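[1] what shape does this take:
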Amino acid sequence: MHTHDDSTSDLLMTAARSMRRSFGEAMAAWDITPSQARALRIVGELGAVRLSVLADRLRIAPRSVTEVVDALEARSLVARQPDPADRRATSVVPTAEGVRLGTALEEARRTATEQRLAVLSDADRAELDRILRLLVAQE
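    Predicted coordinates for the structure are as follows:
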């Protein structure tokens, strides 16, 4: 027997998966994985980020972030450089191509999201935003 909470939880998870799938299909055109796209977005936002900080932000192990950065670096989307505050640490910075691709990916993500949400009226969209902000504020 499903309770109201189970149904709401299932619906929320299904909606999130659906949104990720839509964005995933858009990313496929650029041959980039979701982890790589998230890493590129974070590096683009921060400008220069230590590998340890990037691992924390992505919620993945440091060795996994190394693999993600290696793949982005192989495509000349990011570059490693010594951290200005601690020469023993390494920072990751976006290249011009990384910034360009990051912008294109963000636009594709926004478009995919807007297409999914287009079925909502303005009032429904505002209510969804309000509810999601309440949920996110609990983190």
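
[2] report the central residue of the chain.
    Taking CA atoms, centre = their mean as the criterion, Arg38 is the residue nearest the geometric centre of the chain, at 3.4 Å.

[3] assumed it was part of a strand.
    No: with the criterion set as DSSP: H, G, I helix; E, B strand; the rest coil, the secondary structure at Arg38 is helix rather than a strand.

[4] got a pLDDT number for it?
    If you check Arg38, the pLDDT there is 93.

[5] that one against Leu58, yeah?
    Yes: assessed by CB atoms under 8 Å, Arg38 is found in contact with Leu58 at 5.9 Å. Yep, even glycine has a C-beta here, placed from its N, CA and C like the rest.

[6] what residue ranges in this protein are flagged as low confidence?
    Scanning the chain for pLDDT under 70 picks out the ranges 1-6.

[7] scan it for its longest strand.
    strand 86-94 (DSSP state E).

[8] mind listing the helices for this structure?
    With DSSP state H as the criterion, the chain has helices at 4-28, 34-46, 51-58, 62-74, 96-117, 122-136.

[9] looking at those, which is nearest to Ala89?
    helix 51-58 (7.7 Å; CB to CB).

[10] what comes up buried for the closest one?
    If you call a residue buried by 16 or more other CB atoms under 10 Å, then helix 51-58 has these buried ones: 51, 53-55, 57.

[11] same deal with stretch 12-28?
    22-23, 26-27.

[12] ok, residues contacting that stretch?
    Under the contact criterion CB atoms under 8 Å, 6 or more residues apart in numbering, stretch 12-28 has outside partners 33-34, 37, 105, 108-109, 111-113, 115-116.

[13] could those residues go into TSV alongside neighbour count and distance to Leu77?
    Compiled in TSV, the contacts of stretch 12-28 are given as follows (neighbours: other CB atoms under 10 Å; distance: CB to CB, whole Å):
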residue	neighbour count	distance to Leu77
Thr33	14	12
Pro34	11	15
Ala37	23	10
Leu105	22	10
Ala108	18	15
Arg109	18	16
Thr111	13	21
Ala112	19	20
Thr113	14	23
Gln115	11	26
Arg116	15	27
